[in-house]
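1. sharing a model prediction with you, sequence too.
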Amino acid sequence: MGIILGVDIGGSTTKIVGLREDGSLLSALRVNANDQLTSLYGAVGNFLNTNRLKLQDISRIVLTGVGSSYVNQPIYGIHTEKVPEFDAIGCGGLSLSGKDNAAVGRLGTGTAFVWATPDEICHLGGSGVGGGTLFGLCSLLTGARSMEQVEKLLEDGDLSRIDLSVGDLSKDADFSLGSDVTAANFGKISEDAIPGDLALGVTNMVMQVIGTISFFATRSCGTKTVILTGTLTGMPRVKELLGPVAELYGLDIIIPDHAAYAPAIGAALFSLKGGGTAVDYPET
């Protein structure tokens, strides 16, 4: 069958995809675990069971992400390769979006941006503000103990009880930025604020930081297009929160289908192009 497994081993989750030999997507799933190796082997086993595959159906396993550094031998004896995370991000972002070139961002525990073309992928920069920031602050402010709890809280959040807008500072109708633009995140916390408001305030602040970094990333590349990938792209209200940022900066923000799995998909595709580095058994 010749299925290629692309595996993105992150700080708290592992994403795995299966690609057919022609590069088309067979299936994708995610596993949560604190230990990267446990998460990796669990993800591979889960994928095989879910898709009714056998080990001999897999032609290669391609790893990327921070957790791939812990792997020093082939997985289950199957030919295993590693692809640098930035290459996987760029390749996956372009493939899923259908774009020839773009700034591609990965919204994970932190945030990273690359410039990607068919011939070049280079790191542009990033920020420690990302999913780790979002969950950490939400946990501190609301007592949430999982991202699922945070996502539930977002359903009832109201930013008007948290953020200070330009319109709150002045009633002058002539605003160059617009009255709804945020003047200060958490600058107007109401005594009536509920946990959902606080969670939404944190999420909005993180997304505005990412949106601003997106703007600077695109300016450095002479483009208006930014492709956002990673786990955070699937959270409730993310597109709603990024909309005003895109309008403010004139950005074309694209969140493609399967965006959370872009690095895993990119790793597999990059390997198909001959870009992976084989993992062999360590010498004894």
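-> Sure thing, it's come through.
2. pretty sure Asp156 sits against Gly196.
-> Yes. The pair Asp156 and Gly196 passes the contact test of C-beta atoms under 8 Å, sitting 3.7 Å apart. No exception for glycine: its C-beta is placed from N, CA and C like everyone else's.
3. and the two? Which one has more around it.
-> Gly196 (18 against 12; other C-beta atoms under 10 Å).
4. off-centre distance for whatever helix or strand that one lives in?
-> Following DSSP states H and E, the helix or strand that holds Gly196 is helix 195-221. Here helix 195-221 is found 13 Å from its chain centre; the criterion is C-alpha atoms, centre = their mean, to the nearest Å.
5. mind listing what's buried along it?
-> For helix 195-221, the neighbour count (16 or more other C-beta atoms under 10 Å) marks 195-211, 213-215, 217-218, 221 as buried.
6. could you do stretch 271-284 as well?
-> Result for stretch 271-284 [16+ other C-beta under 10 Å]: buried residues 271-272, 275-276, 279.
7. now do stretch 139-158
-> The neighbour-count check on stretch 139-158 (16+ other C-beta under 10 Å) flags 139, 141-142, 144, 147, 149-151, 153-154, 157 as buried.
8. next step: the residues you listed restricted to helices.
-> Judged by DSSP state H, the buried residues of stretch 139-158 include 139, 141-142, 147, 149-151, 153-154 as members of helices.
9. one step back: just the buried residues of stretch 139-158 now: which is nearest Asp252?
-> For those, the residue nearest Asp252 by C-beta to C-beta is Leu154; the value is 25.0 Å.
10. close enough to count as contact, that closest one and Pro236?
-> Yes. If you go by C-beta under 8 Å, Leu154 and Pro236 touch, sitting 4.8 Å apart.
11. where exactly do the strands run in the stretch 151-284 of the chain?
-> 164-165, 182-184, 225-229, 252-254, 277-279 (DSSP state E, counting those that start in this stretch).
12. model confidence for Asp35, exactly?
-> pLDDT for Asp35: 83.
13. I meant to write Phe175 there.
-> 58.
14. quick one: pLDDT of Thr284?
-> Looking at Thr284, its pLDDT is 53.
15. and of the ones in helices among the buried residues of stretch 139-158, the nearest to Val83?
-> Among these, Met147 lies closest to Val83 (C-beta to C-beta), at 26.3 Å.
16. which helix or strand contains the closest residue to that closest one other than its chain neighbours?
-> Nearest residue to Met147, sequence neighbours excluded (C-beta to C-beta, 6 or more residues apart in numbering): Phe135, at 5.9 Å. Following DSSP H and E, one finds Phe135 within helix 131-142.
17. how far off helix 147-154 does that helix point, in degrees?
-> 60 degrees (axes from the mean of the first three to the mean of the last three C-alpha atoms, to 10 degrees).
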